[in-house]
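Participant: Coordinates for the following, if possible.
(one chain, ligands or ions: 1)
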Amino acid sequence: NVFEDEHIAAKKVARRIADIIISKQKENKNAVLGLATGATPVEVYEELVRLYREEGLSFKNVITFNLDEYYPMKPEAKQSYVRFMDEQLFDHIDIPRENIHIPDGTLKKEEIADYCLEYERKITDVGGLDLQVLGIGRTGHIGFNEPGSAPNSGTRLVTLDDLTRRDASREFGGKENVPTKAITMGIGTIFKAKEIILMAWSKKKAPIIRKAVEGEISSNVPATFLQLSDNVEFILDKDAASEL
Ligand code: GLP
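Facilitator: Predicted coordinates for the structure are as follows:
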């Protein structure tokens, strides 16, 4: 689905999220959302905050699971995804704090494996993800599932690709300050969502969008696994779609 510009596209994604929340409210059920960080979803979150403030959209029945977090990472650090989500969305809406889940970047190494299993269990216990929103990294990562990730991978500790660390270097004031690892939901975790939306804007993403959509399915470009699912929608602006 290609839109004239990213503003229209982001509003479209926010509308889809709002519709899921509202339809679940009508059934007296929770809406379970898988959320992403990065520059791409910023305007989606802005629009959701606007819908809360101006149109009375409530998030009281919303449960969220974020895709990933750097490891190690303190929640109060400038680059943490906990802080990002608070600043972009959670601090501005009425979501109950206990409904928010973001992988914990402060765990001891030996605690991570059990924690990741528990993260998966929590998603299952609330009925699975109704919607997972995704950005895409220039390595073809979704979440932090870098090249080499298996299609059935679960939540786990991963090593970040050099290109991913270079792309993050500005936020960290140099590549050497970017953590080498992260905790991420797996491709298998993402695949279990009832609906998946991958968003990409700008010319910078055009080459990887072409590979993800038209390239051979391979763990070299983890986003190509999305070709195997029939509940995935790519929402792109014209620039990101320009090499298709
Ligand atoms: C980040 C995140 C991904 C995100 C991607 C693209 O590192 N872990 O979930 O989709 O890289 O980021 P951006 O939206 O800033 O281009």
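Participant: of all the residues in this protein, which ones are close to the ligand?
Facilitator: For the chain, the residues in contact with the ligand (Cβ under 6 Å from any ligand atom) are 36-40, 67-68, 135-137, 143-144, 164. Glycine gets a C-beta too; all of them are placed from N, C-alpha and C.
Participant: I'd like to know how far the closest residue in space to residue 159 that isn't next to it in sequence sits from residue 144.
Facilitator: With Cβ to Cβ, 6 or more residues apart in numbering as the criterion, residue 159 has its nearest non-adjacent residue at 5.7 Å, and that residue is residue 181. Counting by Cβ to Cβ, to the nearest Å, the separation of residue 181 from residue 144 is 9 Å.
Participant: rewinding a little: show me just the buried residues among the residues of the chain next to the ligand.
Facilitator: When these are checked for burial by 16 or more other Cβ atoms under 10 Å, the buried set is 36, 37, 38, 40, 67, 68, 135, 136, 137, 143, 144, 164.
Participant: Among these, which ones are in helices?
Facilitator: residue 164 (DSSP state H).
Participant: Out of the buried ones among the residues of the chain next to the ligand, which comes closest to residue 190?
Facilitator: Of all those, residue 143 has the smallest distance to residue 190: 6.6 Å, by Cβ to Cβ.
Participant: picking that back up, distance to residue 192 and pLDDT added to the buried ones among the residues of the chain next to the ligand, as a markdown table?
Facilitator: Formatted as a markdown table, these follow (distance: Cβ to Cβ, whole Å; pLDDT from 0 to 100):
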| residue | distance to residue 192 | pLDDT |
| --- | --- | --- |
| 36 | 16 | 98 |
| 37 | 20 | 98 |
| 38 | 22 | 96 |
| 40 | 22 | 98 |
| 67 | 13 | 98 |
| 68 | 16 | 98 |
| 135 | 19 | 98 |
| 136 | 19 | 98 |
| 137 | 21 | 96 |
| 143 | 13 | 98 |
| 144 | 18 | 98 |
| 164 | 24 | 96 |
